[in-house]
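Novice: Turn this into a structure:
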Amino acid sequence: MNKKILMFGLPILAMIGFVVAVVVPYLGQVQSSVDVTESFEFLGDGVMHASITGGEAVTSDNLYVASKTSVVIPLSIETEVDPNDEGIEHTVNYLLDNTAGVCTPWPQPTCEKRIFISAEDASVETLDALTSMTWDVDGTGYIAHVDVLIDTTGDGIADDALVFEVAKVDPSNCEETSEPYPKGVQNTQGRGIVDGSAYAWLSSGAPGPGCITEVTTVAGTFYTNTLTNWKVGYQGVSGTTKVIGFEIEVDNWISPSNSNIKNILINGNPVEVSIKPLDFLNFNVDTKFGLLNVGEYNITTTVDVRE
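Specialist: Here you go, the predicted model:
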């Protein structure tokens with residue numbers, strides 16, 4: 001019995017020896033040093049103390065978030081109150097101030113200020129899924145517009161955009177009026193929300209005038225249509241075109257412009273924002289206390305990466 005066991009074991013040992021002889025020469029180790037830093041920078045005093053008489057509202061200092069990475073960061077902006085009483089509401093105001101600097105020649109860092117919203121966060125996969133978009137704005141100059149970033153080639157990367165802007169969103173009330181740009185507190189763009197009847201122009205075409213469907217200009221051809229008709233199919237865009245995200249922007253190449261944005265709704269639902277690679281975001285937070293909220297409060301606003 002012992003001999004049989006020994007004889008059975010010999011081939012196994014031989015095979016193990018052969019495998020080791022082949023593998024060992026290829027074993028090795030590569031070491032590298034990686035310096036991991038935070039993906040974003042948060043500046044400003046996110047803590048404030050308030051003495052409240054019921055029904056009052058307070059606004060935080062202006063706060064600043066800057067991306068330090070090459071990927072999109074989904075942001076979580078949270079405000080907490082101590083003591084955490086009932087009846088307290090918080091509203092984030094996104095500050096798109098583009099009143100300083102010039103935009104000649106284009107582009108310059110001062111050309112645009114933006115808010116980015118991922119299509120995934122808005123549960124909008126294709127253009128067919130977008131029914132409406134609204135926000136509240138208090139602005140001067142050329143009021144904020146939205147670029148709906150689309151993928152027309154199917155590679156998952158935004159290569160064009162449908163642009164809904166004040167001068168073109170409503171052909172019956174366009175930029176040729178005597179008071180071309182709405183100012184002050186407005187719903188979305190002051191001349192209509194983004195919905196099926198709103199006109200958008202294709203950013204890969206010429207940035208021509210509003211009020212008409214199509215015009216040939218010295219810069220090329222300007223393509224504009226309603227959201228409903230873009231979904232039907234026009235210039236390579238259709239309802240099945242993938243949506244990558246939404247950028248609410250303020251430009252200053254028309255005039256120095258400022259828009260404070262809040263209460264962003266896509267398809268009637270509130271959305272959270274992200275920050276694009278190496279971009280930045282300015283904001284503050286309004287905290288409104290109910291009539292029964294009286295006393296001393298500590299208010300803390302934090303920014304984190306949203307999971």
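Novice: tally of neighbours for the residue nearest to Val194 when sequence neighbours are not counted?
Specialist: Using Cβ to Cβ, 6 or more residues apart in numbering and skipping residues adjacent in sequence, the residue nearest Val194 is Met133, 4.0 Å away. Every residue, glycine included, has its C-beta placed from N, CA and C. Counted with other Cβ atoms under 10 Å, the neighbours of Met133 add up to 25.
Novice: Also the one 10 residues further on?
Specialist: By other Cβ under 10 Å, the residues close to Ile143 number 24.
Novice: do the same with Leu96
Specialist: When neighbours are defined as other Cβ under 10 Å, Leu96 has 23 of them.
Novice: Which strand or helix spans it?
Specialist: For Leu96, the host element (DSSP states H and E) is strand 88-98.
Novice: Next SSE downstream of that strand?
Specialist: strand 112-118.
Novice: which residues are in contact with that next one?
Specialist: If you take Cβ atoms under 8 Å, 6 or more residues apart in numbering as the criterion, strand 112-118 is touched by 72, 74, 94, 96-98, 244-251, 261, 264, 266, 271-276, 279, 281-282.
Novice: hmm, who's touching whichever helix or strand comes after it?
Specialist: The first helix or strand that comes after strand 112-118 along the chain, using DSSP H and E, is strand 133-140. With Cβ under 8 Å, 6+ apart as the test, strand 133-140 has contacts from 99, 143-144, 146, 164, 182-190, 193-195, 246, 248, 250, 257-267.
Novice: go on, stretch 172-190?
Specialist: Here stretch 172-190 makes contact (Cβ under 8 Å, 6+ apart) with 133-145, 164-169, 191-194, 209-211, 255.
Novice: I'd like to know which of the residues you listed are buried.
Specialist: Among the contacts of stretch 172-190, those classed as buried by 16 or more other Cβ atoms under 10 Å are 133-137, 139-145, 164-169, 191-194, 209-211.
Novice: neighbours around the residue nearest to Ser274 when sequence neighbours are not counted, how many?
Specialist: Counting by Cβ to Cβ, 6+ apart, the nearest residue to Ser274 once its immediate chain neighbours are dropped is Pro74, at 4.7 Å. As a burial measure, Pro74 scores 17 neighbours (other Cβ under 10 Å).
Novice: Spit out the contact partners of Pro74.
Specialist: By Cβ under 8 Å, 6+ apart, the contact set of Pro74 is Ser118, Asp121, Glu272, Ser274, Val305, Arg306, Glu307.
Novice: Please identify the helix or strand for it.
Specialist: Element membership for Pro74, per DSSP H and E: strand 73-82.
Novice: and that strand, average pLDDT?
Specialist: Strand 73-82 shows an average pLDDT of 95 in the prediction.
Novice: Check stretch 193-207 too.
Specialist: Stretch 193-207 shows a mean pLDDT of 93.
Novice: can you tell me the distance between the two ends of it?
Specialist: Using Cα to Cα, to the nearest Å, one end of stretch 193-207 lies 20 Å from the other.
Novice: Repeat that for stretch 152-159.
Specialist: End to end - Cα to Cα - stretch 152-159 spans 7 Å.
Novice: which stretches of the stretch 151-300 of the chain have low pLDDT?
Specialist: Applying pLDDT under 70 to the stretch 151-300 of the chain flags the ranges 175-179.
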